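A.B. asks: After the sequence you'll find the predicted model.
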Amino acid sequence: MKIYRYANGTCNASGTQIRKLREKAGWSQEQLAAHAQLAGLNLNQKAISRIETGERVVPDYELLYFSEIFQVPVETLLKDDGSSDH
């Protein structure tokens with residue numbers, strides 16, 4: 001499968017927002033991974049790191065988990081923070 005990169009060279013459009021929400025919650029990457037696992041999403045700290053840096057694709061079903069974990073609409077995870085050049 002070919003991986004298309006987002007305008008800023010990352011593999012996802014949600015990593016920056018996921019990082020911001022995690023930091024706002026006061027959680028480490030390990031703690032977010034634990035919350036994801038409790039919700040039924042099998043991610044570890046390394047996967048969270050790769051999502052936040054844009055090195056990992058985030059499938060749509062994972063966005064639903066993050067939306068539930070952070071109690072925000074999916075659209076919040078896809079907000080453009082101005083760091084991309086599209």
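C.D. replies: Sure, I can see it. Numbers count the residues shown, from 1 in each chain.
A.B. asks: Would you map the helices across the protein?
C.D. replies: 15-25, 29-39, 45-53, 60-70, 74-77 (DSSP state H).
A.B. asks: Gly9: which of the ones you listed is closest?
C.D. replies: Of all the helices of the chain, helix 45-53 sits nearest to Gly9, with 10.8 Å by CB to CB. The way it works is simple: take the backbone N, C-alpha and C, and place the C-beta from them, glycine included.
A.B. asks: State the mean pLDDT of the closest one.
C.D. replies: For helix 45-53, mean pLDDT is 98.
A.B. asks: Next, the buried residues of that helix.
C.D. replies: Using 16 or more other CB atoms under 10 Å as the test for burial, helix 45-53 gives 47-52.
A.B. asks: Any idea how many residues pack against Leu43?
C.D. replies: The burial count assigned to Leu43 is 21, neighbours taken as other CB atoms under 10 Å.
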